[in-house]
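Student: A predicted structure for the sequence below; I have some questions about it.
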Amino acid sequence: MPELTWASVADWFMNYGTRILGIAVVGALLWLALNKFLPPVIRRSVAQTKYRESKEGMEKRTNTLLFVFRGAGRVFIIVVGLMMILAVLGVPVGPMLAGFGVVGIAIGFGAHFLIRDLIAGTFIILENQYRVGDVARVADVAGLVEEVHLRKTVLRDLDGIVHHIPNGEIRVASNFTRHFARVNLDVSVAYGTDLDHAIAVINRVGQELAADEAWHQVIKTPPQVLRVNNLGSSGIDIKVIGDVKPMQQWAVMGQLRLRLKKTFDAEGIEIPWPHTKVYFGNALPDDRKRDGAG
């Protein structure tokens, strides 16, 4: 083993260290350039898309693309840098690449699921099916989209559980927050209710909610009655719909239910609930009357 001296260290550094340091500096500069120039390029391309998007939607699209391209750029810089450093150290890169190619072919026969995931992830991103920050149902799992990779999608549901879903498993993706969202609820009233009166009250409450200073910024069209939707076992269901900004439908529906309950109480409109009458062998009052009359 050769003796380690300051002269040998200095000689190694002059022959190899300076070039390795140069490769590291170039890699760092490329990473800084990627972070500097990539965001404005992506924002410009998103702004020029033919699909109409809200400001919030464009920001979600931009953040998702930045996340994906930064990850791909980081991997590219690291892999190329390592290959160049190995070449500087005299490690034969060509045979290594050839070996990786053979191994890749062998692995490829069992990696069709990975390839399927990558292809599906590419189409998800290109088609803008959902973005980071959207609420979506993906592969029968509903939640907030926290990450979108080429290989997988990460969702967090209402219980705080994080779901990692391979993109190749996604057959249907439902986006709850694209462009706009919709209030869609059934309001039940008792069978003895004057429906015209109930409908007028519901429409009035929807108009008041939309005019409220705390809510008018998120409501696009006031919640209004669409139709009498169902004659149920204990009450009549009235369908109410209205358009709101993305991710605001749940808050608006909660506030609408609260106001409707208070207004129904004030107007004497009954909200039905199931009733059950139990008799223990005694004749009903109406039956006794009929028997006496006979």
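Tutor: Structure received.
Student: Tell me the spacing between H197 and R43.
Tutor: Separation of H197 from R43 (C-beta to C-beta, to the nearest Å): 52 Å. For the C-beta atoms, the positions are set from N, CA and C on the backbone; glycine is no exception.
Student: whoops, I mixed them up, A173
Tutor: 24 Å.
Student: Repeat that for L155.
Tutor: 26 Å.
Student: In terms of packing, which of those two has more residues around it?
Tutor: Shown here are L155 and R43; by other C-beta atoms under 10 Å, L155 has more neighbours (23 against 16).
Student: Wait, G73 touches A33, no?
Tutor: No - under the criterion of C-beta atoms under 8 Å, G73 makes no contact with A33, lying 9.7 Å away.
Student: Can you pull the residues that touch both of those two?
Tutor: With C-beta atoms under 8 Å, 6 or more residues apart in numbering applied, the contact sets of G73 and A33 do not overlap.
Student: in the chain, which spans are helices?
Tutor: In the chain, the helices defined using DSSP state H lie at 6-12, 18-47, 55-88, 93-108, 112-126, 195-211, 249-267, 285-293.
Student: Between G73 and A33, which is the more surrounded one?
Tutor: Between G73 and A33, counted using other C-beta under 10 Å, the more crowded position is G73 (16 against 11).
Student: who touches that one in this structure?
Tutor: For G73, the residues meeting the contact criterion (C-beta under 8 Å, 6+ apart) are W31, L34, L38.
Student: from memory the first one sits against F76, does it?
Tutor: Just to be clear, that refers to W31. No - between W31 and F76 there is no contact under C-beta under 8 Å: 10.3 Å.
Student: out of these two, which sits in the busier spot?
Tutor: Neighbours were counted for W31 and for F76 using other C-beta under 10 Å; W31 has more, 16 against 12.
Student: what pLDDT does the more buried one get?
Tutor: W31 is assigned a pLDDT of 86 by the prediction.
Student: What's the separation between it and T193?
Tutor: From W31 to T193 the distance is 67 Å (C-beta to C-beta).
Student: same question, I269
Tutor: 6 Å.
Student: Please name the bridge partners of the nearest residue to E146 once chain neighbours are set aside.
Tutor: Leaving aside its chain neighbours, E146 sits nearest to V154 (4.8 Å; criterion: C-beta to C-beta, 6 or more residues apart in numbering). Judged by DSSP bridges, the bridge partners of V154 are E147, H164.
Student: So V154 is in contact with G143, correct?
Tutor: No - V154 is not in contact with G143 according to C-beta under 8 Å; the separation is 9.2 Å.
Student: which one of those two has more residues nearby?
Tutor: G143 (21 against 17).
Student: Now for that one: which residues touch it?
Tutor: For G143, counting by C-beta under 8 Å, 6+ apart, the contacting residues are V135, A136, L155, R156, D157, L158, I161, H163.
Student: L118 contacts K152, correct?
Tutor: No - using C-beta under 8 Å, L118 makes no contact with K152, being 10.0 Å away.
Student: Please say which of the two ends up with more neighbours.
Tutor: K152 (18 against 15).
Student: OK, contacts around the more buried one?
Tutor: D117, G121, H164, I165, P166, N167.
Student: Next, count neighbours for the closest residue to the first one other than its chain neighbours.
Tutor: If I follow you right, that is D117. Take D117 and drop its neighbours on the chain: the residue closest to it by C-beta to C-beta, 6+ apart is G168, 4.1 Å away. By other C-beta under 10 Å, 19 other residues sit near G168.
Student: can you check the one 5 residues further on too?
Tutor: A173 has 18 neighbouring residues, counting by other C-beta under 10 Å.
Student: what pLDDT does it get?
Tutor: 92.
Student: can you check Y279 too?
Tutor: 66.
Student: do the one 4 residues further on as well
Tutor: For A283, the model assigns a pLDDT of 58.
Student: okay, now the closest residue to R227 other than its chain neighbours: neighbour count?
Tutor: Using C-beta to C-beta, 6+ apart and skipping residues adjacent in sequence, the residue nearest R227 is K239, 5.3 Å away. For K239, the tally of surrounding residues (other C-beta under 10 Å) stands at 15.
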